[in-house]
Each structure stands twice: as structure tokens, then as C-alpha cells.
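>>> Fold the following and give me the result.
(one chain, ligands or ions: 1)
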Amino acid sequence: MTSNGNAEKPVFRTEKLDIYYGKFLAVEQVVLEVPQKQVTAFIGPSGCGKSTLLRCFNRLNDLIDGFHIDGKIYYHDIDLYDSSVDAVQVRRRIGMVFQRPNPFPKSIYDNIAYGPRIVGHEGSMDDLVEDSLRRAALWDEVKDKLQENGLSLSGGQQQRLCIARTIAVKPDVVLMDEPCSALDPISTLKVEELIHELKQDYSIIIVTHNMQQATRVADMTAFFNARATETGGKRGYLVEFNRTREIFENPQEQSTQDYVSGRFG
Ligand SMILES: Nc1ncnc2c1ncn2[C@@H]1O[C@H](COP(=O)(O)OP(=O)(O)OP(=O)(O)O)[C@@H](O)[C@H]1O
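Predicted coordinates for the structure are as follows:
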């Protein structure tokens, strides 16, 4: 797997980013640089816009009526929302793993082969399927039943299948929206180990409500909060972004301290 650009440069950079659903300004003025080949966690109380921001990075919100942004998101040096950028290509380079495992109702093999077939993968599909499943630490558990339905696997295995499916199209970035929240503790640890392995090759952003998970997997952590608006709603904003250890052991803001010590949220 290759990534574009210099490893010193951020994979994403936002400039004064405002995110709207129709007239509702959901998240305001995000200024953030997400490093390459590291794990970045987004934490914060419910409704502060973590998932909204995450979905901006692969233009998944484009599918929502009324969604728009002000400001900029750069992916490497590309203005991600420029009219010349093809959102389908973006989603190929920037994959996503969701909260609930969502394998296709197809065989384990075809779950992996589906994306590469669409993009015209040349070379051995068997090798690609094996390699993707190995990288997702699932090969040994499924190698003798590749033709069985993906939905026959356990929840934790299904989530690793979804991760294998995501990396099979050789993305540059993997976005994860609470990937372990539907999993038991053992499956959660397996996925966390996998995240550690994957950061050798991919830049990863993970939304999590689990503080321990952020400390276990993330190199960098962004803490978001929401403030009340004049109209009684809530508007998210980035409070603090730093190395995970700093956020948890030496935060600069009182609200970060309160959140990471479990005093609110
Ligand atoms: N499709 C949508 N249409 C309109 N408003 C939305 C949509 N999705 C999210 N919102 C609003 O945007 C704000 C941020 O929501 P978001 O789900 O991004 O927060 P979050 O921090 O990820 O929350 P949680 O931790 O509960 O998942 C909320 O006020 C939410 O109601």
C-alpha cells in the first residue's frame, strides 16, 4: 500500500470548517491536521459532531439533503470539496467501517472480491482475498469456509470481514465510526490489535465513546464539545487536539479534563 505525499505532511487539513445540515450549523470552525500513518481518535459527548466530521472526510454526507460546508478540507494537497473531485474516487481512497458490521449477504470470498472486481483488479483475486483476510486477522478462522455467507460469522468476525473488505481496494485512509460498540470485549480487543497493525499502512481516524479505547489505540486525540445555541440547539466545536497522552494526562482545557475523567458526557 502506498500513500501520497510526504509522511511528515498531514493526510487531512481543515481550514475554518463549518458543517451544515440545511440551515443548522452542526459543527463550527474546525481547524485540524490529521497525521499520516497514525491513529487519530475523535472523542466527545453525544451530538458534538464527531460522526458528522468523520463523514466529511470521505464525502459521505454528500448523500444527505441540505448538507454543505464552508471552509476547506484538504486531503493531501487536494481540495476535497472542489467541483472537479469525484466523490466515488474519494470513497475508494478513503474507506469507512461503520458501527454495526454490515457485510454483504454474499459469501465471505465475494465480500472481499466485490470492490476489487468493480475497480477492475488485475492479478490473482484468490491472493488478494487471502491477503486482505490475513491483514484483517481473520484468515485462519475462515480459510476453510470462504464460500459460506458473511452473515454466518459472529459479530466480531463480521466486523473484521468489513475491515478486510475495506482494505481490499487498497485505500489510503480508513475511517472508523465506533467500530467496536456492537462487539463483545474479546472481539473489541481483536479489532484494536488490528488497528495497531493497520496503521503501518494506513492513516486511521476512529470515533469512539470509550476512553480506554482511545488511550489504547490512538496516537492523537481530538476532543470535541457542544455549546448551546440561541435557538436551544447544540453546536459542536473542537476543544483540543494533541497527543493522546497529553489529552488524558495533561489537558489544556478544563472541559477536556472533566470529560476524560468522566465528570460529564
Ligand atoms: N443527517 C442529519 N440531518 C440533520 N442533522 C443531523 C444529521 N446527522 C446528524 N445531525 C445533527 O448534527 C449534530 C451532530 O451529530 P453527530 O451524530 O455528528 O454527533 P456525534 O458527536 O457523532 O454524536 P454521537 O456520539 O451521539 O454519535 C447533532 O445535532 C445531530 O442531530
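
>>> ranges for the helices of the stretch 1-150 of the chain?
All helices of the stretch 1-150 of the chain, identified by DSSP state H, counting those that start in this stretch, fall at 50-56, 87-93, 108-118, 125-135, 139-142.

>>> ok, and which of these has the densest surroundings?
helix 50-56 (a mean of 22; mean count of other C-beta atoms under 10 Å). Every residue, glycine included, has its C-beta placed from N, CA and C.

>>> contact partners of that helix?
17, 19, 26-27, 30, 42-44, 61, 69, 73, 80, 96, 175, 177, 205, 207, 224, 236 (C-beta atoms under 8 Å, 6 or more residues apart in numbering).

>>> picking that back up, redo the helices of the stretch 1-150 of the chain as JSON lines? Include distance to Q157 and mean pLDDT.
Putting these into JSON lines (distance: least, C-beta to C-beta, whole Å; pLDDT from 0 to 100) gives the following:
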{"stretch": "helix 50-56", "distance to Q157": "24", "mean pLDDT": "97"}
{"stretch": "helix 87-93", "distance to Q157": "24", "mean pLDDT": "90"}
{"stretch": "helix 108-118", "distance to Q157": "9", "mean pLDDT": "95"}
{"stretch": "helix 125-135", "distance to Q157": "10", "mean pLDDT": "95"}
{"stretch": "helix 139-142", "distance to Q157": "6", "mean pLDDT": "95"}
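
>>> For Q158, which of these is the nearest?
Nearest to Q158, of all the helices of the stretch 1-150 of the chain, is helix 108-118, at 9.3 Å by C-beta to C-beta.

>>> relative to helix 125-135, how tilted is that closest one?
Angle of helix 108-118 versus helix 125-135, following axes from the mean of the first three to the mean of the last three C-alpha atoms, to 10 degrees, is 120 degrees.

>>> could we number from 45 for the rest of this?
Okay, using 45 as the starting number, the last item reads as helix 152-162.

>>> who are the neighbours of helix 152-162, in terms of helices and strands?
helix 169-179, helix 199-212 (3 or more C-beta pairs under 8 Å, 6 or more residues apart in numbering; DSSP states H and E).

>>> With that, I have no additional questions.
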